[in-house]
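> The following block contains a protein sequence and its predicted model.
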Amino acid sequence: MSRSNQQPTSKEPIRDPNWKFTFGKYKGNVLSEVIACDRQYINGLMENTDFDVYCDLLEDVEERYQEGMRQLFGKT
């Protein structure tokens, strides 16, 4: 199993945006997609389990998502 698909531990936050879920309702999806479409799910995992995501990754994905939405809908 590659390192990016291993289950996270409380000691090491996930830093790979392409990390794939091997459990739950988003099994098979990559982390960056789930952050962009269902941040509440990520927040719930982080609050209730040992699941942890590197904070800079969360911010980067959210910024890219917001920029994409602005470009898509022509808002500045």
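Received, thanks.
> so how many other residues sit close to Ile14?
18 (other Cβ atoms under 10 Å). C-beta coordinates here come from the backbone N, C-alpha and C atoms, glycine included.
> Am I right that Thr22 sits in a helix?
No. Counting by DSSP: H, G, I helix; E, B strand; the rest coil, Thr22 is not found in a helix; it is coil.
> Which per-residue confidence value corresponds to it?
Per-residue pLDDT puts Thr22 at 96.
> With just CA atoms, put stretch 64-76 into PDB.
Listed next in PDB are the C-alpha coordinates belonging to stretch 64-76 (Å, rounded to 0.1, in the frame of the first residue of the first chain):
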ATOM      1  CA  ARG A  64      -8.600  27.200  -4.900                       C
ATOM      2  CA  TYR A  65     -12.200  26.100  -4.700                       C
ATOM      3  CA  GLN A  66     -13.300  29.700  -4.000                       C
ATOM      4  CA  GLU A  67     -11.200  31.000  -6.900                       C
ATOM      5  CA  GLY A  68     -12.700  28.500  -9.200                       C
ATOM      6  CA  MET A  69     -16.200  29.500  -8.200                       C
ATOM      7  CA  ARG A  70     -15.400  33.200  -8.800                       C
ATOM      8  CA  GLN A  71     -14.100  32.400 -12.200                       C
ATOM      9  CA  LEU A  72     -17.000  30.200 -13.000                       C
ATOM     10  CA  PHE A  73     -19.600  32.800 -12.000                       C
ATOM     11  CA  GLY A  74     -17.600  35.900 -13.000                       C
ATOM     12  CA  LYS A  75     -17.500  37.400  -9.500                       C
ATOM     13  CA  THR A  76     -14.400  39.200  -8.200                       C
END
